[in-house]
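Student: A structural model of the following input is requested.
(4 chains)
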Protein chains: 2
Amino acid sequence: MNSLANISEPSAPASGCCAPDVLSRGLFALAHPARIEILRYLSGVDYCCCKDVVCRLRLAQSTVSQHLKILLEAGLVRMSPQGQRSRYAVDSKALLALSEAVGGLLDPCAARADENGKEI
Amino acid sequence: MNSLANISEPSAPASGCCAPDVLSRGLFALAHPARIEILRYLSGVDYCCCKDVVCRLRLAQSTVSQHLKILLEAGLVRMSPQGQRSRYAVDSKALLALSEAVGGLLDPCAARADENGKEI
DNA sequence: CCTATTCATCGTATATCGACGATGAACGAT
DNA sequence: ATCGTTCATCGTCGATATACGATGAATAGG
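Tutor: Next up, the predicted model:
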């Protein structure tokens, strides 16, 4: 039923690109203005808790908590309980990995398109 | 309307990143396995029409047409009517711009996080 | 112990996504 | 002129996203 299972190649190509569904999961976490803003904010402060983000984003606390959860489940952010607070920080390795994955997808696509001299 | 031109602004704010909602619009178009696969396919062939993609992806023609429209409106793909067909091709400049925008967002975030020595 | 703070989760409402089939328009071919 | 192909769009349906308030758990501090 979910035909998406057939989209990605059975065996990962040697090109270093990852399966589309793996990549798209990370991209989805990034594809929201609030979450982009949260990532930027998180990377700029020493550490922060949920309430800090709430004050910054002017969103309800429950909404921010949801966004943080999405980033958390995507692996872009890490968290540890700290007393009554929760200590959030970005996962820099994951960010770099996602950045490289996007580049590894888009750059070859652009290059191939150019070398084929495609014009419309 | 075509927001991709603004993704990597030459005179971006001091941070070097662009507005979150501009970037997130481009990311959303990319955040689906089928659309990633379409992009890869489009970049690998000389040109193609909607039906080619349909045969490749095993999705209904209307579904593929929708995905192509999303990629089109995001500016990642260009199209020109060609007889009864539609000729699709990736916009390599837009892909590169998006790739750089993502790197311009994620890489500084990761760098700042590292230099702050954040550990959880 | 009691209170205030912080946070995650639940429930809900609305909007959008993602898939499909059906349909009509545009075009090429016969 | 007619038929077949290709495509975009419409309507629909179920699933999910996104926002919020309410609630309860956990903790710090008085």
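
Student: Residue A:84: neighbour count?
Tutor: 6 (other C-beta atoms under 10 Å in any protein chain shown). (C-beta placed from N, C-alpha, C; glycine too.)

Student: got it, and the one 5 residues further on?
Tutor: Other residues near residue A:89 come to 20 when the count uses other C-beta under 10 Å.

Student: does DNA strand C sit close to the strand or helix carrying it?
Tutor: Using DSSP states H and E, residue A:89 maps to strand A:85-90. Yes - with C-beta under 7 Å from any atom of the strand as the criterion, DNA strand C is reached by strand A:85-90 at A:85-86.

Student: That strand and DNA strand D, any residue contact?
Tutor: No - Strand A:85-90 does not reach DNA strand D (C-beta under 7 Å from any atom of the strand); its nearest approach is 8.0 Å.

Student: Residue A:40 contacts residue B:109, correct?
Tutor: Yes - with contact taken as C-beta atoms under 8 Å, residue A:40 and residue B:109 are classed as touching, separated by 6.4 Å.

Student: which of these two has more neighbours?
Tutor: residue B:109 (25 against 18).

Student: Up against DNA strand C, what does chain A have?
Tutor: By C-beta under 7 Å from any atom of the strand, the residues of chain A that approach DNA strand C are A:3-4, A:49-52, A:54, A:61-62, A:65-66, A:68-69, A:79, A:84-86.

Student: give me the number of residues near the residue in chain A positioned nearest to DNA strand D?
Tutor: Per C-beta to the nearest atom of the strand, residue A:62 is where chain A lies closest to DNA strand D, at 3.0 Å. By the criterion of other C-beta under 10 Å, residue A:62 has 10 neighbours.

Student: average pLDDT for the host helix or strand of it?
Tutor: Taking DSSP H and E as the criterion, residue A:62 maps to helix A:61-73. Averaged over helix A:61-73, pLDDT sits at 97.

Student: Please identify the buried residues of it?
Tutor: A:64, A:67-68, A:70-72 (16 or more other C-beta atoms under 10 Å in any protein chain shown).

Student: quick check: angle from that helix to strand A:85-90?
Tutor: Using axes from the mean of the first three to the mean of the last three C-alpha atoms, to 10 degrees, one finds that helix A:61-73 and strand A:85-90 are set 50 degrees apart in direction.

Student: Who are the packing partners of the strand or helix carrying residue A:95?
Tutor: In this assignment (DSSP H and E), residue A:95 forms part of helix A:92-115. Counting contacts by 3 or more C-beta pairs under 8 Å, 6 or more residues apart in numbering or on different chains; DSSP states H and E, helix A:92-115 is packed against helix A:20-30, helix A:33-44, helix B:33-44, strand B:85-90, helix B:92-115.

Student: Wait, residue A:45 touches residue A:56, no?
Tutor: No - contact criterion C-beta under 8 Å: residue A:45 and residue A:56 do not qualify, at 9.5 Å.

Student: Okay, now the sheet partners of the next helix or strand after the helix holding residue A:62, with direction.
Tutor: Using DSSP H and E, the helix or strand that directly follows helix A:61-73 along the chain is strand A:77-82. Strand pairing for strand A:77-82, using DSSP bridges, gives strand A:85-90 (antiparallel).
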